[in-house]
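Colleague: Just to be clear, the model below is a prediction. Sequence and coordinates:
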Amino acid sequence: MSNSQRPAYTYRPMTPADVPLAHALSVQLKWPHRLEEWAMLQRIAQGFVVEDGGRLIGTAFTCAQGHYATIGLVIVSDEYQGQGIGRKLMELALEACGSRTAMLNATLAGAPLYASQGFIDFGHIQQHQGHVLPPVPSDLPAGERCRPLTEADRSDQIELANAGSGLNRHSVLNDLFDTVEHSVGIERDGQLRAFAMLRPFGRGRCIGPVIAETPEQAKHLIAVLLAQVPEAFVRMDIPSDSGLAPWLEEAGLKQVDTVAQMARGTPPQAFGGVRQFALVTQAIG
């Protein structure tokens, strides 16, 4: 079909009223996101939809996070594939990035489209999930202690999350905090140096973000959180170079997928002696 013969689809910003239909589209594609995850993105990000005669057939999001913006949930209904809809949605998402550096996590199928739009690989993310076999937390070094976090710790968590990801996490975490079931951190010399959050997500629960100085700190925090939900279904998305994969496998969280981290420009860099050991979500980074 030539461009002149293609149907005139309607592209527009997403509204709260679109969230149930967008969620239904992802369910058709067997994506695990709950209605609540879609609603969160609609609140904190700029969403786009495409309609065919009033029927929602595609979505995309741009989530601004400081000097960077993450693009996610780029979906086109199966029966509308191959008509350039995904490319048009990406153009809208990129336009919404403005001067920010665009980032995304690309599936094997989506990577060629993103490469053609100037994105380059800078790493990989492994999806781990399964029913928990809680490991025993290892001992922390002298001078460090793990404790539950409270509302009073939120500003310190945001500061650590910014440092570990290189992104501005203020809006993302402030929206997440009220959904968190358990949040734990590691203190040294009276300062918070690492933290992890457990919350509902998809088929069960998700642990992320996890920000720490070392893999040992990250494992300790994750083990403490897994002990709160023995035998539950848990998902984590971790950088492939985090050093956590074999340990997570032993804890029942098997690797089920790998996606490419891609950026259109220089990717963000962690600072302050900490790094991100688990993402918020693949769509948010």
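Modeller: Structure received. Numbers count the residues shown, from 1 in each chain.
Colleague: now the lowest-mean-pLDDT helix or strand in the chain: how far from the chain's centre is it?
Modeller: When each helix and strand of the chain is scored by mean pLDDT, DSSP states H and E, helix 111-116 comes last, with a mean of 86. Offset of helix 111-116 from its chain centre (C-alpha atoms, centre = their mean, to the nearest Å): 20 Å.
Colleague: Same check on stretch 33-42?
Modeller: The answer for stretch 33-42 is 12 Å, by C-alpha atoms, centre = their mean.
Colleague: could you give the mean pLDDT of it?
Modeller: Per-region confidence: stretch 33-42 scores 94 on mean pLDDT.
Colleague: Just the CA atoms of it, as PDB, please.
Modeller: The C-alpha atoms that make up stretch 33-42 are tabulated as PDB, following Å, rounded to 0.1, in the frame of the first residue of the first chain:
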ATOM      1  CA  HIS A  33       1.800  -4.600  33.100                       C
ATOM      2  CA  ARG A  34      -1.200  -3.900  35.400                       C
ATOM      3  CA  LEU A  35      -3.600  -1.000  35.000                       C
ATOM      4  CA  GLU A  36      -1.800   0.700  37.800                       C
ATOM      5  CA  GLU A  37       1.500   0.700  35.900                       C
ATOM      6  CA  TRP A  38      -0.100   2.300  32.900                       C
ATOM      7  CA  ALA A  39      -1.800   5.000  35.100                       C
ATOM      8  CA  MET A  40       1.600   5.800  36.800                       C
ATOM      9  CA  LEU A  41       3.200   6.400  33.400                       C
ATOM     10  CA  GLN A  42       0.300   8.500  32.200                       C
END
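Colleague: what ranges do the strands span in this protein?
Modeller: In the chain, the strands defined using DSSP state E lie at 10-13, 46-52, 55-65, 68-76, 101-106, 120-131, 144-148, 182-188, 191-201, 204-212, 233-239, 254-264, 275-278.
Colleague: any idea of the mean pLDDT in the longest one?
Modeller: In other words, strand 120-131. Strand 120-131 comes out at a mean pLDDT of 96.
Colleague: Show residues contacting it.
Modeller: 105, 203, 231-241, 245, 248-249, 252-264, 267, 279, 282 (C-beta atoms under 8 Å, 6 or more residues apart in numbering). Bear in mind the C-beta positions are built from the backbone N, C-alpha and C, glycine included.
Colleague: ok, what's across the strand from the nearest residue to residue 195 once chain neighbours are set aside?
Modeller: Distances taken as C-beta to C-beta, 6 or more residues apart in numbering place residue 185 nearest to residue 195, at 3.9 Å, with adjacent residues excluded. With DSSP bridges as the criterion, residue 185 is bridged to residue 147, residue 195.
Colleague: burial measure for the residue lying closest to residue 100 once chain neighbours are set aside, as a count.
Modeller: Nearest residue to residue 100, sequence neighbours excluded (C-beta to C-beta, 6+ apart): residue 69, at 4.2 Å. Residue crowding around residue 69 was assessed by other C-beta atoms under 10 Å; the count is 26.
Colleague: who's in contact with residue 69?
Modeller: 62-63, 96-98, 100-103.
Colleague: how about 10 Å then?
Modeller: Contacts for residue 69 (C-beta atoms under 10 Å, 6 or more residues apart in numbering) come out as 45-46, 61-63, 93-94, 96-104, 167, 264, 285.
Colleague: what is residue 276 paired to in the beta sheet?
Modeller: residue 211.
Colleague: From residue 268, how far off is the nearest residue to residue 32 once chain neighbours are set aside?
Modeller: Nearest residue to residue 32 in three dimensions, chain neighbours excluded: residue 202, at 3.4 Å (C-beta to C-beta, 6+ apart). Plainly put, residue 202 is 25 Å away from residue 268 if you go by C-beta to C-beta, to the nearest Å.
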